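Participant: A predicted structure for the sequence below; I have some questions about it.
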Amino acid sequence: MNISYKSTRSDKTITASQAILKGISDEGGLFVPTAFPQIDLENLVHKSYKEICYSILSKYLPEFSENHLKDIIGKAYDKFSVPKVAPVVSFGNRHILELFHGPTLAFKDVALSILPYLIQVSAKLQNVEDKIVILTATSGDTGKAALEGFANVENTKIIVFYPSEGVSSIQKRQMTSQVGNNVYVLGIEGNFDDAQNGVKSIFSNKEFKEKLKSEKIILSSANSINIGRLLPQVVYYFSSYMELVQKGAIALNDSVNFTVPTGNFGDILAGYYAKKMGLPIHKLLCASNSNNVLYDFFKTGTYNKNREFIKTISPSMDILISSNFERMLYHASNNDQELIVNLMEELNTKGSYTIPEEMKSGISELFYGSYSDEESTKKVIGQVYEEYNYVLDPHTAVAYKVCEDYVKNTSDERTNIILSTASPFKFPEAVYESIFKNSDLEVYELIDKLAQKTSLTIPEPIKKLKDSAILHKKVISSDEMKEAVGEILL
Ligand SMILES: Cc1ncc(COP(=O)(O)O)c(C=O)c1O
Ligand SMILES: N[C@@H](CCOP(=O)(O)O)C(=O)O
């Protein structure tokens, strides 16, 4: 099966390398694979993370040679602090898939350690010699992971936009202290949705892109709107399942549930792709924080972003426009691109849309949506520490709470795997307060105290932050994003 890619909003098919380089289609749609390769589960049971990664990516990236791909995968995952890359930690009857052992301590590293190589090889395959500029919107984690991945990568520049008052103090420090001769980090006065809208509108500005092209510059994306960002995330659904098979916690072909702390809907969409490739997933539990637009959608079939944007202790999930939802709707509607164009137009103009009833019932068979408010999230962090001596970050705690509620409220006794998407050390204030109550210590003293009291080791990237110089101080209005890109590039 030779997989190609098409936009959710048009007919034209393109290759994997073209889709990865473009990031987003000209008419604003997102690229999706035209088919889902089937995976022989038995073949994966005893494979390492890197081997599983190769088995999956090679099917989606037919133009990449075996040597290229194996080399890229090797280099990407050698940067992780644990050989398993994404280990599963089990306590009680819960299984936590730890995705935060990469260089910037969030699950984004799994894909962003590999994306720069995918983009470079794609450029070679397409004979592109232009400078590649990566535009990134972030609510805290993608930005740093992308900066780390693209810093000093030849023939690229990376520009990151983050909500200047909408990320944790550690996330901000991670980004604003980034070193590299090709990196630009700009705070914006606004929230993540403003940053993401700004980036998308730059991508769809034909005139601006032509001007850049005349200067031999092309734009691409490090967000999960880029299919090259999404595909490596499919791998850990398979690897975690196989780890549980190896440990004897489940038998091969048993069905399981995954709970995914969700914002832009990229991570959970990767789970949907894993299901389509044959991984026996019964339910994907979509866990939101108080920005519970997706919970409301799963309940009613109406997606409505017209509501207050709430700043929470899980800031990376403070998102009201979940970009990847478009991909899920496309697949769930049997590839009905006209419907998608109409729904996205309604989202743009009215801020809401409603899907047809039969589509809603299809989606509800696989997805279960729920949310955790601030109080419940803090309580769960405290309880899990007390009961299991395990420290959850606030995003993972949202998922944990949703999974607990699901188990309580249904008769489903299947094994549950909870995706743990960030290290608690990225959110020390919220985590410390949830477990040990208030402290007026400054953040690095708080980190020391959190480590002492929980006997956790402070991760190296956090230790280094304290003495890092702040190199990027500029904050702009979200209306000035295109001008800022122009100033940097032209
Ligand atoms: C720590 C963390 N958890 C969860 C999410 C939500 O993931 P997604 O945007 O793929 O839904 C994010 C941001 O993407 C994140 O940074
Ligand atoms: N939570 C993300 C938001 C962007 O999501 P992405 O997966 O589309 O890059 C972040 O931390 O920036």
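Facilitator: Everything's here; your move. Ligands and ions are numbered 1, 2, ... in the order given.
Participant: residues from the stretch 151-300 of the chain in reach of ligand 2?
Facilitator: Contacts of the stretch 151-300 of the chain with ligand 2, taken as C-beta under 6 Å from any ligand atom, map to 223-224, 263-264, 266. Glycine gets a C-beta too; all of them are placed from N, C-alpha and C.
Participant: and stretch 144-161, which residues are buried?
Facilitator: 144-151, 153, 156-161 (16 or more other C-beta atoms under 10 Å).
Participant: now do stretch 273-289
Facilitator: For stretch 273-289, by 16+ other C-beta under 10 Å, it's 273-277, 279, 281-289.
Participant: ditto for stretch 22-38
Facilitator: Quick answer for stretch 22-38 (16+ other C-beta under 10 Å): 22-25, 28-33, 36-37.
Participant: Restricted to strands, list these.
Facilitator: Counted as lying in strands by DSSP state E, out of the buried residues of stretch 22-38, are 31-33.
Participant: Now do the contacts for the closest residue to ligand 1 within the stretch 1-150 of the chain.
Facilitator: Residue nearest to ligand 1 within the stretch 1-150 of the chain: Asp141 (3.4 Å; C-beta to the nearest ligand atom). Listed by C-beta atoms under 8 Å, 6 or more residues apart in numbering, the contact set of Asp141 reads 104, 106-108, 171, 316, 421-422, 426.
Participant: repeat that for 10 Å
Facilitator: 100, 104-109, 112, 167-168, 171, 174-175, 263, 315-317, 395, 421-422, 426 (C-beta atoms under 10 Å, 6 or more residues apart in numbering).
Participant: do Ser139 as well
Facilitator: 162-163, 166-167, 171, 191-193, 195-196, 263-264, 314-319.
Participant: Repeat the analysis, applying 6 Å as the threshold.
Facilitator: Under the criterion of C-beta atoms under 6 Å, 6 or more residues apart in numbering, the contact list for Ser139 reads 192, 315-316, 318.
Participant: so Asn292 touches Ser370, yeah?
Facilitator: No: Asn292 is not in contact with Ser370 according to C-beta atoms under 6 Å; the separation is 8.4 Å.
Participant: hey, which helix is longest across this protein?
Facilitator: When the chain is parsed with DSSP state H, its longest helix is helix 227-247.
Participant: which residues are in contact with that one?
Facilitator: By C-beta under 6 Å, 6+ apart, helix 227-247 touches 19-20, 31, 44-45, 49, 52-53, 56, 60, 86, 88, 97, 110-111, 114-115, 118, 224, 250, 252, 266, 270-271, 273-274, 279, 417.
Participant: Next: stretch 456-471.
Facilitator: With C-beta under 6 Å, 6+ apart, stretch 456-471 has contacts from 105, 173, 176-177, 423, 425, 444, 451.
Participant: switch to 10 Å and redo it
Facilitator: 81, 100-105, 144, 148, 169-170, 172-180, 183, 185, 389-391, 423-426, 428, 443-444, 447-448, 450-452.
Participant: Can you flag which of those residues belong to helices?
Facilitator: Per DSSP H, the contacts of stretch 456-471 map to helices at 144, 148, 169-170, 172-176, 428, 443-444, 447-448, 450-452.
Participant: Below-threshold pLDDT in the stretch 1-150 of the chain: ranges please.
Facilitator: The stretch 1-150 of the chain contains no residues with pLDDT under 70.
Participant: As a check, name the ranges of all strands in it.
Facilitator: For the stretch 1-150 of the chain, applying DSSP state E, counting those that start in this stretch gives strands covering 5-7, 13-14, 31-33, 88-91, 94-98, 131-137.
Participant: what's the offset of the shortest one from the middle of its chain?
Facilitator: For strand 13-14, the distance from its own C-alpha centre to the chain's C-alpha centre is 24 Å (C-alpha atoms, centre = their mean, to the nearest Å).
Participant: Let's see stretch 2-21 as PDB, backbone CA atoms only.
Facilitator: Below are the C-alpha coordinates for stretch 2-21, written out as PDB (Å, rounded to 0.1, in the frame of the first residue of the first chain):
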ATOM      1  CA  ASN A   2       1.600   3.300  -1.100                       C
ATOM      2  CA  ILE A   3       0.300   6.100   1.100                       C
ATOM      3  CA  SER A   4      -0.100   9.600  -0.100                       C
ATOM      4  CA  TYR A   5      -1.500  12.700   1.500                       C
ATOM      5  CA  LYS A   6      -4.400  15.000   0.800                       C
ATOM      6  CA  SER A   7      -5.900  18.100   2.400                       C
ATOM      7  CA  THR A   8      -9.100  17.900   4.500                       C
ATOM      8  CA  ARG A   9     -10.400  20.700   2.300                       C
ATOM      9  CA  SER A  10      -9.300  19.800  -1.300                       C
ATOM     10  CA  ASP A  11      -8.900  16.900  -3.700                       C
ATOM     11  CA  LYS A  12      -5.200  17.100  -4.700                       C
ATOM     12  CA  THR A  13      -3.000  14.400  -3.400                       C
ATOM     13  CA  ILE A  14       0.700  14.900  -2.600                       C
ATOM     14  CA  THR A  15       3.600  12.900  -1.300                       C
ATOM     15  CA  ALA A  16       4.700  12.600   2.400                       C
ATOM     16  CA  SER A  17       7.700  14.900   1.800                       C
ATOM     17  CA  GLN A  18       5.600  17.500   0.100                       C
ATOM     18  CA  ALA A  19       3.100  17.500   3.000                       C
ATOM     19  CA  ILE A  20       5.800  17.700   5.600                       C
ATOM     20  CA  LEU A  21       7.500  20.600   3.900                       C
END
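Participant: which residue ranges form the strands in the stretch 301-450 of the chain?
Facilitator: 302-304, 352-354, 367-371, 415-420.
Participant: And for the stretch 151-300 of the chain?
Facilitator: With DSSP E, counting those that start in this stretch as the criterion, the stretch 151-300 of the chain has strands spanning 156-163, 183-189, 217-221, 256-261, 281-288.
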